[in-house]
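Asker: Let's see this in three dimensions:
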Amino acid sequence: MPFYLYLDRGTFVHRLHPTAKVFALGVLFWSVYWVDQPLALAPLGLLLVTLITVTGTWPNFYRLRWFFVIMIFFTSVTWMFTYRVGAPIIYVPGLHVSRASLLFSIGRGIKLAELLATSVLFLSTTKVEEFNVGLARLRVPYRVRFAITLAFRLAPLFIDSAMTVVEAQTLRGYDFSRGGVMERVRRYVPVVIPVFIAALRRANSMAMALEARGFGRTQNPTSFIDYPIMPKDVVAFAALVTIAAGYFLIYYSGYGAIPPV
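Answerer: The predicted structure is shown next:
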C-alpha cells in the first residue's frame with residue numbers, strides 16, 4: 001500500500017514552478033479563510049474539482065474519502081450546535097438551529113473540505129524536493145525548510161513501520177479485529193512500542209548522517225536541480241493574485257459574511 005500521495009501525471013499543474021505551487025497553496029488557504037458564505041466558497045470548490053480532474057488525482061481522494069466524510073460531518077454538526085445566532089427554526093434544549101447557524105455550519109464544512117482538498121492536491125502534484133525549492137525561493141530559512149520537508153518524508157516511513165509491525169503480529173496469531181471498538185483500539189497499543197523504538201533509531205541514524213554531511217555549516221546549501229520560470233508560471237502567478245484579491249474584496253465588502261438573522 002503506497003503511503004506517499006505524489007502521483008506523477010505530467011500535467012501542467014505538475015510542471016508548474018515549485019514556487020508557484022507553494023504560492024497557490026497559500027493563496028487558496030488565504031481565500032478560504034476570509035469567507036464564511038457557502039455560495040461565495042462555491043467557485044473555489046469548483047476550481048478545486050476541476051484541478052483534481054485535470055491532474056488525475058482522484059485516486060488519492062478516494063483513499064482518503066472516509067477521512068473527508070468524518071471530518072466534514074462532525075465539523076458541520078459541531079458548529080450547528082455551538083453557533084447560536086438568529087431566530088431559531090428548531091429549538092430544543094441544547095439545540096438552536098436557525099438559518100444563520102445552518103449557513104454557518106455548512107460554510108464551515110465546505111471551508112474544511114476545501115482546505116483538506118487543497119492540501120491533498122498539493123501533495124499529489126508536488127515532490128518533497130520541489131516543496132523545498134519553492135520554500136527556498138520564498139526566503140524561508142534553511143532550518144525551517146528542512147524541518148518541514150523532513151516531516152513529509154518521515155511520516156510515511158513511520159506509518160509503514162507501524163503497518164509492518166501489525167502484519168508481523170498478525171502472522172504470529174495476534175488478532176487485531178476481535179472484539180468491540182475499544183477492544184480493537186487497545187489491541188493496537190502494543191504496536192506503539194516497537195514503532196516508537198524504530199523512530200528513535202531512525203532519528204539517531206539521521207542525526208549521525210546529517211552531522212557527517214556537514215549539516216548547518218552553511219545556511220544556503222546548493223542544489224543540482226534548477227527550475228526555470230516559464231511563461232505559464234507568470235500566468236499562474238497573475239491568476240493567483242487575482243483570486244486572492246477577489247476573495248479579500250468579497251470579505252471587505254461584506255458579501256462573504258453570514259447575516260445574523
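
Asker: can you give me how far stretch 100-110 is from the chain middle?
Answerer: Relative to the centre of its chain, stretch 100-110 is centred 21 Å away, using C-alpha atoms, centre = their mean, to the nearest Å.

Asker: what does it contact?
Answerer: For stretch 100-110, the surrounding residues in contact (C-beta atoms under 8 Å, 6 or more residues apart in numbering) are 35-38, 41-42, 45, 72-73, 75-80, 83-86, 89, 258-261. Bear in mind the C-beta positions are built from the backbone N, C-alpha and C, glycine included.

Asker: and what of stretch 43-60?
Answerer: With C-beta under 8 Å, 6+ apart as the criterion, stretch 43-60 contacts 5, 7, 9, 11-14, 28, 31-32, 61, 110, 113-114, 117-118, 120-121, 123-125, 247.

Asker: just for the stretch 51-200 of the chain, where's the confidence low?
Answerer: Applying pLDDT under 70 to the stretch 51-200 of the chain flags the ranges 94.

Asker: Are we agreed that Ala20 is in a strand?
Answerer: No - per DSSP: H, G, I helix; E, B strand; the rest coil, Ala20 lies outside any strand segment and is helix.

Asker: Give the burial count for it, as a bare number.
Answerer: 23 (other C-beta atoms under 10 Å).

Asker: Quick check, it in contact with Ala236.
Answerer: Yes - if you go by C-beta atoms under 8 Å, Ala20 and Ala236 touch, sitting 4.8 Å apart.

Asker: buried sites along the helix or strand Met182 falls within?
Answerer: If you go by DSSP states H and E, Met182 is part of helix 181-187. Under the neighbour-count criterion of 16 or more other C-beta atoms under 10 Å, helix 181-187 has Arg187 buried.

Asker: what comes into contact with whichever helix or strand comes after that helix?
Answerer: For helix 181-187, the following helix or strand on the C-terminal side (DSSP H and E) is helix 189-212. For helix 189-212, contacts defined as C-beta under 8 Å, 6+ apart pick out Leu154, Leu157, Phe158, Ser161, Ala162, Val165, Val166, Gln169.

Asker: Check stretch 20-33 too.
Answerer: With contacts defined as C-beta under 8 Å, 6+ apart, stretch 20-33 is touched by 13, 16, 41, 44, 48, 111, 114-115, 118-119, 122, 125-126, 130-131, 134-135, 138, 233, 236-237, 240-241, 243-244, 246-248.
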